[in-house]
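Q: What would the 3D arrangement of this be:
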Amino acid sequence: MIRKFILPLLAILDAGIAVFMVLQGNQTRPVAQPVVQSTKAPFASYIFGSGIVEAKTENISIGTPVSGIVTAIYVQWGDQVRTGQPLFKVDSGDLQAQVPPALTKVQESEANLAKVKNRLKVGESLTPGVSISAEDLNNRRFDVSIQEAALASAQAQVQQIKTEIERRTVRAPLDGRILQMKTRLGEYAQTGSQGTPLMLLGDDSSLHVRVDIDENDAWRFQRCAQAMVFVRGNPNLKAAVRYERTDPDVVPKVSLTGDSTQRTDTRVLQVIYSFDRAALPVYIGQQMDVFIEAPPVGATKTQSEPSSAPCSDDATKHAGGRAAQRRKN
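A: Residues are numbered from 1 along each chain as shown. Presented below is the predicted three-dimensional model:
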């Protein structure tokens, strides 16, 4: 009797659960709000490119002309340095040991030169052909020339050693700020190209943003068109940028944004814009979203090879003005 009632009850319960699950699945779920607000294009027709912030001198990798142990570091992260200021020093003990013998050789050459000069002075005071032969007098003059050459060689050797010692101190090639330090006391500094530079230097008094424009959009790019940059994570932080230059060659894209349409074999035209570092709270190496006003995709008119003449301030300084006016209208 109990089994007779349990089986129908379980069937009804299963049916109820199935109906509940169907109703739950058909409900419209709330749309998840994006963690970061998306950037809205300031132009009706535009080219989009990802950009990376760099110093106006670009980021200069500091190396060393001679491999060796780092024995002194004269700067710290973020220090402002002047042209010629010492950055770090590579061990020069082997060269320092060569200085005393080289100086001794100079002193010996000076003494020998003084000796032969005195002999020549005595010979020139004698009567040629009577007290001294012409051949002996010429030999004394020749000895003076030889010792002068020996002294010059010894002095040059000392100067060469001092120059090599000076080369062990790496100095700033220009005014700028220390952006990175990857060398420490006691480490071995290697010459040549390195994946990680010993130091990174750049003039950040004004910042540049290097924009990668897909080669498929390169024909639409106009050098004096308006352009705006947006800080990723906060689209309300934006600034107009000024065109600086276009790298003349199209290169493989090395900074991917993660977009599924991008491929590792994508090639890009790199365009450099500048902006005042006080305009945006950004750091060197930070990625930004860049919008450049451009003709529509269906346009057939293309521009010729850009000239080297700078763009006018009206075309770049007030970027976004006409776009804002269009939105207002």
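
Q: Would you mind giving me the confidence score for Asp313?
A: For Asp313, the pLDDT comes out at 54.

Q: Please apply the same query to Asp217.
A: Taking Asp217 on its own, its pLDDT is 90.

Q: what's the answer for Arg242, then?
A: pLDDT at Arg242 comes out at 94.

Q: and what of Gly176?
A: The model reports Gly176 with a pLDDT of 93.

Q: Assess the claim that it and Asp203 are in contact.
A: Yes: at 4.2 Å, Gly176 and Asp203 qualify as touching, with contact defined as Cβ atoms under 8 Å. Every residue, glycine included, has its C-beta placed from N, CA and C.

Q: Could you tell me which residues touch both of the two?
A: Common contacts of Gly176 and Asp203 (Cβ atoms under 8 Å, 6 or more residues apart in numbering): Ala55, Thr57.

Q: higher neighbour count, those two?
A: Each of Gly176 and Asp203 has its neighbours counted (other Cβ atoms under 10 Å); Gly176 has more, 23 against 16.

Q: could you list every residue that touches that one?
A: Counting by Cβ under 8 Å, 6+ apart, Gly176 has contacts Ala55, Thr57, Ile60, Gln80, Val81, Leu201, Gly202, Asp203, Asp204.

Q: just Pro235 next, same as before
A: Pro235 makes contact with Gln37, Ser38, Thr39, Lys40, Asp289, according to Cβ under 8 Å, 6+ apart.

Q: what's the most distant pair in the residues you listed?
A: Maximum pairwise distance in the contacts of Pro235, criterion Cβ to Cβ, is 11.8 Å, between Gln37 and Asp289.

Q: Listing partners with orientation, what would you give for the helix or strand harbouring Ile52?
A: Per DSSP states H and E: Ile52 is located in strand 46-55. Sheet pairing of strand 46-55 (DSSP bridges) gives strand 206-214 (antiparallel), strand 287-293 (antiparallel).

Q: Can you give me the buried ones in the last one?
A: Right, strand 287-293. Using 16 or more other Cβ atoms under 10 Å as the test for burial, strand 287-293 gives Met288, Asp289, Val290, Phe291, Ile292, Glu293.

Q: quick one: the strands in the stretch 1-150 of the chain?
A: With DSSP state E, counting those that start in this stretch, the ranges of strands along the stretch 1-150 of the chain come out as 46-55, 60-62, 68-73, 80-81, 86-90.

Q: how close does the residue lying closest to Phe48 once chain neighbours are set aside get to Ala227?
A: Excluding its sequence neighbours, the residue lying closest to Phe48 (Cβ to Cβ, 6 or more residues apart in numbering) is Phe291, at 5.9 Å. Separation of Phe291 from Ala227 (Cβ to Cβ, to the nearest Å) stands at 7 Å.

Q: got it, and Leu185?
A: 45 Å.

Q: Looking at the two now, which is surrounded by more residues?
A: Taking other Cβ under 10 Å, Leu185 and Ala227 do not tie; Ala227 has more neighbours (31 against 10).

Q: my guess is the more buried one contacts Ala240, does it?
A: Yes: if you go by Cβ under 8 Å, Ala227 and Ala240 touch, sitting 7.3 Å apart.

Q: which residue is nearest the centroid of this protein?
A: Centroid-nearest residue in the chain, with Cα atoms, centre = their mean: Asn59, separated by 1.5 Å.

Q: so what's that one closest to, chain neighbours aside?
A: Gly202 (5.0 Å).

Q: Next, the contact list for that neighbour, please.
A: Glu54, Ala55, Lys56, Thr57, Glu58, Asn59, Ile60, Gly176, Arg177, Leu179, Ile284.
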